[in-house]
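> for reference, the sequence and a predicted model appear below.
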Number of protein chains: 2
Amino acid sequence: MSMKNDVAQLCKRVKCASRELALLDTKAKNDLLVNMAYALMKNTAYILKENSKDIKYAKRNGLSAALIDRLVLSSGRIKVMADSLVRIAELKDPVGQIIETVNRPNGLIIKKVRVPIGVILIIYESRPNVTSDCIGLCLKSGNSVILRGGSEAVHSNAAIHGVMIKEAIKKGLSRDTFSMITDTDRRVVNELLVQEGLIDLVMPRGGESLIREVAKRSRIPVIKHYKGVCHTYVDESADLEMAEEICLNAKVQRPGVCNAMETMLVHRKVAGVFLKSMIERFRKAGVEIRGCPQTKKIVKDVVAAKEDDWYTEYLDLILSVKVVRDIDEAIGHIMKYGSYHSDAIVAEDKKAAAKFLNEVDSACVYVNASTRFTDGGEFGKGAEIGISTDKIHARGPMGLEELTSYKYVVYGNGQIRK
Amino acid sequence: MSMKNDVAQLCKRVKCASRELALLDTKAKNDLLVNMAYALMKNTAYILKENSKDIKYAKRNGLSAALIDRLVLSSGRIKVMADSLVRIAELKDPVGQIIETVNRPNGLIIKKVRVPIGVILIIYESRPNVTSDCIGLCLKSGNSVILRGGSEAVHSNAAIHGVMIKEAIKKGLSRDTFSMITDTDRRVVNELLVQEGLIDLVMPRGGESLIREVAKRSRIPVIKHYKGVCHTYVDESADLEMAEEICLNAKVQRPGVCNAMETMLVHRKVAGVFLKSMIERFRKAGVEIRGCPQTKKIVKDVVAAKEDDWYTEYLDLILSVKVVRDIDEAIGHIMKYGSYHSDAIVAEDKKAAAKFLNEVDSACVYVNASTRFTDGGEFGKGAEIGISTDKIHARGPMGLEELTSYKYVVYGNGQIRK
């Protein structure tokens, strides 16, 4: 009862604060972003001390080396976080932008104007830099934010948040503008997810099970992607050397992220030549191959892919490989097993490329490039708050613009409806 | 078990059909819209016969005259439905439109391209014209639709749908492209609302309780407005004659709709003069006034407004009236009691108007015009599929563009990520 009440009271205060923030002008927001960047640099020692508590706890609890690596901060990593805030200050302010003006025959002038969404709840795991990125992006787009990071990073997150909110308060903003939940009780999250009307949007960032749990419980709109089962299809018309470079990059450059390739599809007409050389390169890079029966015929000692493999986001040096009859089978496979995140075709035939780009209904579709480019920075958005595979509001990498809504502002001189 | 299975199977077929529809070119869609319009006209007698069954049933069940009026079709009303389809054919096709092109330093060309959302579920009550409007708008925007109308209009809806789907089939589309659920079992709706991944968006249209029930149960994104508690604020700087015309129009021109005014706020400096004349006009028009204590001091025999009145969408010839200290109190009242649908200020002072338009965070904000203009047609969208007070994807009247999503199409020539 008291916990429920506390959550509702917090959300009301954040909603109030969001209204003040929405009216802040661009210069004030940019100044604050730069001040926050300086403050992170100045408080490096303090942040690292708090971070070391999380690391110590993680080691005691036997977290994997990969997870600990994501958790560890250094003065270099803190500098990157600060730089990111300065970069956000340099981006164009989306708030107040006029998207469209319609002049009606009756003299009404209707303007579609970008406005902040309001209050955004971000539920995330591990990486502490998400804390500063989210505060920075939400500040610039005029949104209040409620942050709920993972328990494994609670000291690091609280330190980063504490340093940044101090700067906001100095500039006259309310302490509630950017709020952090440090209570690790799961019921607090469940209570947040029913604050419809006070929280406007929820963005879960983390593993698939976290995201599914949030999507299932939330009464507030959720924007998300569950996973990235990304494909590269090597067409019969492909430049096979280019295809090798693209596929190698998509799989091994950073296998643990959502835009890495998980399945490679190869047209049967080029499979014989291509797979022999390609799989050798993959093996040299330490990639385990799980292949369809035809793949196994072409290359020896390939593990047989099971039905489940085609659905799997390995996030690791593992790749499933399938030889397909034609482009239609490739597209069909992607539609059936994919996660509609990022999929690529390598092809010289413009018709085949156009067909693929048109028919594959993923957030990002590529011709002759690596799926690894699905990223706010690489798309020219400066920074990203997440990637969406949903069909409404925003798809693909989400930057400042995707953190806004719009309203219609209508100017009249006495018009009434007949 | 079998019902669950039937619903899932239907949704899978509709999803499949939606992929075919998404690829249909503009001419084919426009031709089909015109054919559907002709078919409705040609089948007027049949549709009216089916409609009479619903009317007979409604009368036997003692439905109110207002509800029966919404249900009744005539050859005139069928003509309006047909005309609406022709108008949709004349609107610009949003699908394939390039929203933005970004040229990256590494040579990647990133195009943000409008695409259909996919499968839309529309749950609605009474008015049978919603059936043809929704099929028309979804067809033009390339979306498949699952329609679930109210049991009171089941014969009318089935007849309209039947006539239209026959034309779609003649053009080679699947029967599932535009599907209608005639099973009135509530559990069918509940089962539809968990078909995440097959249905992309739910739009409930009807009374507040229907919409709340859908929003509560749905695992699929919902776009909606619960109600329209719309305000008009008469500023101290208002042209009082203009204010009278606007307020009268906003309340009485069509009181039963969501963009009608429910509360009038008046600056204390003009309340004495304005309210005497205004309330007299309202009374002549049959409007019951529920006023704050100050209103009661100015005009005799005004019913005292209770706290609940300020939250109420009367949808009737009732108006709550409050005298406010200043514009800040007016804005504060709207933010506290409003539903963020449509709110207006009447003011000659440009600063006051700008403050109101900026600070009132409703989907549509007006200066010197009636809130009754919140409507797809009046906004120049040709038609509307609904009105949203949500903060994500779409706000205000929703037309064809709001029925689309986008995808990023990326053109490379071998780019890999460093």
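Nice, I can see it. Numbers count the residues shown, from 1 in each chain, chains lettered A, B, ... in the order given.

> CA atoms for contacts and neighbours, from now on please.
OK.

> and the helices in the stretch 201-350 of chain A?
A:208-217, A:240-252, A:268-284, A:293-298, A:327-337, A:350-359 (DSSP state H, counting those that start in this stretch).

> residue contacts, residue A:220?
Residue A:220 makes contacts with A:193, A:194, A:195, A:196, A:199, A:200, A:201, A:202, as judged by CA atoms under 8 Å, 6 or more residues apart in numbering or on different chains.

> residues near residue A:397, how many?
Residue A:397 has 25 neighbouring residues, counting by other CA atoms under 10 Å in any protein chain shown.

> can you tell me the closest non-neighbouring residue to it?
Taking CA to CA, 6 or more residues apart in numbering or on different chains, and ignoring the residues beside it in sequence, residue A:397 has residue A:387 as its nearest neighbour in space, at 4.3 Å.

> what about the one you found, which helix or strand?
Per DSSP states H and E, residue A:387 falls inside strand A:386-388.

> so what secondary structure elements neighbour that strand?
In terms of contacts (3 or more CA pairs under 8 Å, 6 or more residues apart in numbering or on different chains; DSSP states H and E), strand A:386-388 is packed against strand A:396-398.

> swap the cut-off to 10 Å and go again
strand A:201-205, strand A:396-398 (3 or more CA pairs under 10 Å, 6 or more residues apart in numbering or on different chains; DSSP states H and E).

> in TSV, list the ones you listed along with mean pLDDT.
Compiled in TSV, the helices and strands packed on strand A:386-388 are given as follows (pLDDT from 0 to 100):
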stretch	mean pLDDT
strand A:201-205	95
strand A:396-398	96
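
> returning to that earlier point: contacting residues around the residue nearest to residue A:397?
Listed by CA atoms under 10 Å, 6 or more residues apart in numbering or on different chains, the contact set of residue A:387 reads A:203, A:205, A:223-226, A:228, A:258-259, A:341, A:363, A:374-376, A:394-399.

> residue A:255 touches residue A:318, doesn't it?
Yes: with contact defined as CA atoms under 10 Å, residue A:255 counts as touching residue A:318 (8.6 Å).

> where do the contact lists of the two overlap?
Common contacts of residue A:255 and residue A:318 (CA under 10 Å, 6+ apart): A:261, A:262, A:287.

> wait, doesn't the last one sit right on residue A:314?
No: counting by CA under 10 Å, residue A:287 sits too far from residue A:314 to count as a contact (11.3 Å).

> shared neighbours, these two?
With CA under 10 Å, 6+ apart as the test, residue A:287 and residue A:314 both reach residue A:255.

> what sits up against the least confident helix or strand in chain A by mean pLDDT?
Lowest mean confidence among the helices and strands of chain A (mean pLDDT, DSSP states H and E): helix A:65-71, at a mean of 86. Helix A:65-71 is touched from outside by A:51-52, A:54-56, A:58-59, A:62-63, A:125-129, A:152-153, A:156, A:256, with contacts defined as CA under 10 Å, 6+ apart.

> and the next element down the chain from that helix?
Downstream of helix A:65-71, the first helix or strand assigned by DSSP H and E is helix A:75-90.

> ok, the helix or strand following that next one near chain B or not?
The C-terminal neighbour of helix A:75-90 among helices and strands, as given by DSSP H and E, is strand A:98-103. Yes: using CA under 10 Å from any CA of the partner chain, we find that strand A:98-103 touches chain B at A:102, A:103.

> pull up the pairing partners for strand A:98-103, direction included.
Here strand A:98-103 is paired, per DSSP bridges, with strand A:109-116 (antiparallel).

> what angle do helix B:350-359 and the strand it pairs with make with each other?
Inter-element angle recorded for strand A:109-116 and helix B:350-359: 50 degrees (by axes from the mean of the first three to the mean of the last three CA atoms, to 10 degrees).

> alpha carbons only: can I get strand A:109-116 in CSV?
Output in CSV follows, covering the C-alpha atoms of strand A:109-116 (Å, rounded to 0.1, in the frame of the first residue of the first chain):
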residue,chain,number,x,y,z
ILE,A,109,-4.2,27.8,-40.2
ILE,A,110,-3.3,24.4,-38.8
LYS,A,111,0.3,23.8,-37.7
LYS,A,112,1.6,20.3,-36.7
VAL,A,113,4.2,21.1,-34.1
ARG,A,114,6.8,18.8,-32.5
VAL,A,115,6.4,18.5,-28.7
PRO,A,116,8.1,16.3,-26.1
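
> other SSEs contacting whatever helix or strand comes next after it?
As assigned by DSSP H and E, the chain's next helix or strand after strand A:109-116 is strand A:119-124. Applying 3+ CA pairs under 10 Å, 6+ apart, one finds that strand A:119-124 contacts helix A:2-22, helix A:129-140, strand A:144-148, strand A:178-180, helix A:186-192, strand A:201-205, helix A:208-217.

> need these in TSV (columns: distance to chain B and mean neighbour count).
As requested, the helices and strands packed on strand A:119-124 are arranged in TSV below (distance: least, CA to the nearest CA, whole Å; neighbours: other CA atoms under 10 Å in any protein chain shown):
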stretch	distance to chain B	mean neighbour count
helix A:2-22	8	18
helix A:129-140	15	25
strand A:144-148	14	26
strand A:178-180	19	23
helix A:186-192	14	16
strand A:201-205	8	24
helix A:208-217	6	16
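
> distance to residue A:355 for the ones you listed - can I get that in CSV?
Output for these, formatted as CSV (distance: least, CA to CA, whole Å):
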stretch, distance to residue A:355
helix A:2-22, 43
helix A:129-140, 36
strand A:144-148, 41
strand A:178-180, 45
helix A:186-192, 44
strand A:201-205, 32
helix A:208-217, 31
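
> what parts of the stretch 151-300 of chain A come near chain B?
A:194, A:197, A:200-201, A:215-223, A:239, A:241-250, A:253-254.

> quick one: buried ones out of those residues?
With burial judged by 16 or more other CA atoms under 10 Å in any protein chain shown, the buried subset of those is A:194, A:197, A:200-201, A:215, A:217-223, A:239, A:242-250, A:253-254.

> quick check: phi and psi at residue A:52.
When read as degrees, to the nearest 10, the backbone of residue A:52 gives phi -60, psi -30.

> quick one, what contacts the residue in the stretch 1-150 of chain A positioned nearest to chain B?
Nearest residue of the stretch 1-150 of chain A to chain B (CA to the nearest CA) works out as residue A:117 at 5.7 Å. By CA under 10 Å, 6+ apart, the contact set of residue A:117 is A:18, A:22, A:138, A:141-144, A:199-201, A:402-406, B:361, B:390-392.

> count the residues that sit near residue A:185.
10.

> that one contacts residue A:149, correct?
No: assessed by CA under 10 Å, residue A:185 is found out of contact with residue A:149, at 11.8 Å.

> excluding chain neighbours, what is closest to the residue in chain A positioned nearest to chain B?
Going by CA to the nearest CA, chain B is nearest to residue A:393 of chain A, at 3.7 Å. Leaving aside its sequence neighbours, residue A:393 sits nearest to residue B:393 (CA to CA, 6+ apart; 3.7 Å).

> count the residues that sit near that neighbour.
19.

> got it, and the one 10 residues further on?
Residue B:403 has 27 neighbours, counted by other CA under 10 Å.

> that one against residue B:137, yeah?
Yes: with contact defined as CA under 10 Å, residue B:403 and residue B:137 form a contacting pair (8.2 Å).

> need the overlap of contacts for the two.
Taking CA under 10 Å, 6+ apart as the contact rule, the neighbours common to residue B:403 and residue B:137 are B:143, B:384, B:385.

> list only buried entries from these.
Looks like these have B:143, B:384, B:385 buried, using 16+ other CA under 10 Å.

> on that earlier part again, can I get the helices of the stretch 201-350 of chain A in JSON lines with mean pLDDT?
Shown next, in JSON lines, are those (pLDDT from 0 to 100):
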{"stretch": "helix A:208-217", "mean pLDDT": "92"}
{"stretch": "helix A:240-252", "mean pLDDT": "98"}
{"stretch": "helix A:268-284", "mean pLDDT": "98"}
{"stretch": "helix A:293-298", "mean pLDDT": "98"}
{"stretch": "helix A:327-337", "mean pLDDT": "97"}
{"stretch": "helix A:350-359", "mean pLDDT": "98"}
